[in-house]
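1. below are the sequence and a predicted model for it; my questions follow.
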Amino acid sequence: MNSAAIAVASAAALLEIVGIAITIRDIRRARRNLAGYLRRPQRVHLSPAFEVSSAASATVTGPEQTLEQRVEHLETWKREMAEALQQRDRQLTKRLTDRFDRQMKASEATLGDQLKGLRELVAGEGRSHWITAYKGPVILGVGVLVGLAGNIVGAL
């Protein structure tokens, strides 16, 4: 083997070793970045709890009532009860709708924070050009090609 072939083979070996080292370094850096992302504190947005109010009505009766007065009182109570039930139904529907909206907004904010963290992780990993993004494998490939050239030169 002549000195040119030895120099080319040595250059190929050096390029391959450097390419492998850079690739290993990039893999380790990516693992550290991912581990850092996984260890970062998770933000969970909570919606405030809604209040439950309850009203109990008490009826105070006076002296003895006649049957007609009692029936009239029961009919009035029945009409008022229907209105009160409709009003409570509207209030409950509004409260549940408001709470659902708050929960959805809190969930959206939580997912937005997680997506933002993932975007930061991916953007931190990304590089502008594919050659710089894959410089370790590119150097390794160049080293293999230089090694092939060294084998051809050594065979001549």
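-> All right, it came through fine.
2. and the strands in the protein?
-> Counting by DSSP state E, the chain has no strands to list.
3. can you give me the helices for it?
-> Secondary structure of the chain by DSSP state H: the helices cover 3-39, 67-125, 130-133, 135-155.
4. helices or strands next to the second one in the packing?
-> Translated: helix 67-125. Judged by 3 or more C-beta pairs under 8 Å, 6 or more residues apart in numbering; DSSP states H and E, helix 67-125 is in contact with helix 3-39. All C-beta atoms are positioned from the backbone trio N, CA, C, and that covers glycine.
5. just name the most buried of the helices of the chain.
-> helix 135-155 (a mean of 16; mean count of other C-beta atoms under 10 Å).
6. helices or strands next to it in the packing?
-> Helix 135-155 packs on helix 3-39, going by 3+ C-beta pairs under 8 Å, 6+ apart.
7. rank the helices of the chain by pLDDT, which is bottom?
-> Sorting the helices of the chain by mean pLDDT places helix 130-133 lowest, at a mean of 68.
8. ok, residue 140 touching residue 16?
-> Yes: the pair residue 140 / residue 16 is scored as a contact, 5.6 Å apart, by C-beta atoms under 8 Å.
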